[in-house]
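Novice: Sequence and computational prediction follow.
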Amino acid sequence: MATEYLRDELFTGAWFGLMTMVWFGWAQEAPPKRWALWLGVGSILGVLISVGLGIMVWRTWESPSALEGRYHWFGVLVVGEVVAAGLGARYLLRLHQGRWVAWWVAMVVALHFLPLAALLQAPMLSVLGVVQMIGLLVLLPVSRRQKGPTSALVGVWMGCTLLTSGLAIGVPAFSTVMA
C-alpha cells in the first residue's frame, strides 16, 4: 500500500481479506457451477489473509495511524458509502432491477477508495479504486447481455482485486513485522 503507517497498512490488508471473502461469497448467488470450487478457494484465502494480518494489526496496535485526529472523517466516509450503496440498492429494487445491486454496490466501493486514499495517505488505494471502476465498466456490457444477477461476475472481479491487493499488502508487511 506504500504508506508510512504500518498499522493502517496491516488493517487495510486484513479488511481486504475479509472483503475478499464477502465478494466471493456474493458471487456464489448464481454462478456457473464450474466456478463453485474457485469461489470457495477465494473465500478461504480471504479469511486466511484477514486472520493473519489481523493478528499483525493486534501486534502493532500502538503504532501511529494516519487517522489520528481524523477518525470522524473516516466515519463520515463509511456512513456516506453505506448510505449511497443502500439508497442505490433500494432504488434498483423498486425498479425491479435487483440484478444490478451487486454492480452498484461494487461501484460505490470502488469510488470510496478515492477519498480513502487521501484520508489514509495511501495513493495505491486510489489506483485500486480506478482499476475496480474500469473493470466494472468493462463488465457492464457483458452484464447487460446476461439474464441473472450481476453478482457472479462482479463478485469475482471485486474478490480478485481485493485478494491481490491484500496479498500485495500482506507479503511485504509480514516481513516488516517479523523483522
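Specialist: Done, it's in. What you are looking at is a predicted structure, and each value in this text was computed from that prediction instead of being measured. Numbers count the residues shown, from 1 in each chain.

Novice: only C-alpha atoms for contact and neighbour calcs from this point on.
Specialist: Fine.

Novice: for the chain, longest helix please?
Specialist: The single longest helix within the chain, with elements called by DSSP state H, is helix 151-178.

Novice: For residue 65, give me the backbone phi and psi.
Specialist: Backbone geometry at residue 65, expressed as degrees, to the nearest 10, gives phi -130, psi 140.

Novice: I'd guessed it sits against residue 11; true?
Specialist: No: Residue 65 is not in contact with residue 11 according to Cα atoms under 8 Å; the separation is 10.3 Å.

Novice: Looking at those two, which is more packed in?
Specialist: Using other Cα atoms under 10 Å as the criterion, residue 65 and residue 11 rank with residue 11 on top: 23 against 18.

Novice: which residues sit in contact with that one?
Specialist: Contacts for residue 11 were tallied using Cα atoms under 8 Å, 6 or more residues apart in numbering; they are 53, 54, 57.

Novice: quick one: contacts for the last one?
Specialist: Taking Cα under 8 Å, 6+ apart as the contact definition, residue 57 lies against 7, 10, 11.

Novice: Please identify the buried residues of whichever strand or helix holds it?
Specialist: Taking DSSP states H and E as the criterion, residue 57 maps to helix 36-59. Of all the residues in helix 36-59, those buried under the rule 16 or more other Cα atoms under 10 Å are 36, 39-40, 42-54, 56-57.

Novice: moving C-terminal of it, what's the next helix or strand?
Specialist: helix 71-94.

Novice: Tell me which residues of that next one come out buried.
Specialist: 77, 81, 84, 85, 86, 88, 89, 92.

Novice: Please apply the same query to stretch 20-33.
Specialist: Quick answer for stretch 20-33 (16+ other Cα under 10 Å): 20, 21, 22, 23, 24, 25, 26, 27, 28, 31.

Novice: Just give me the closest of those residues to residue 151.
Specialist: Of all these, residue 27 has the smallest distance to residue 151: 4.9 Å, by Cα to Cα.

Novice: Isn't the closest one up against residue 157?
Specialist: No: judged on Cα under 8 Å, residue 27 makes no contact with residue 157 at a distance of 9.3 Å.

Novice: what's the helix or strand for the residue lying closest to residue 158 once chain neighbours are set aside?
Specialist: With sequence-adjacent residues excluded and distances taken as Cα to Cα, 6 or more residues apart in numbering, residue 158 is closest to residue 23, at 6.2 Å. Residue 23 belongs to helix 6-27 when assigned by DSSP H and E.

Novice: Could you figure out how far that helix is turned away from helix 151-178?
Specialist: Relative orientation of helix 6-27 and helix 151-178, computed by axes from the mean of the first three to the mean of the last three Cα atoms, to 10 degrees: 160 degrees.
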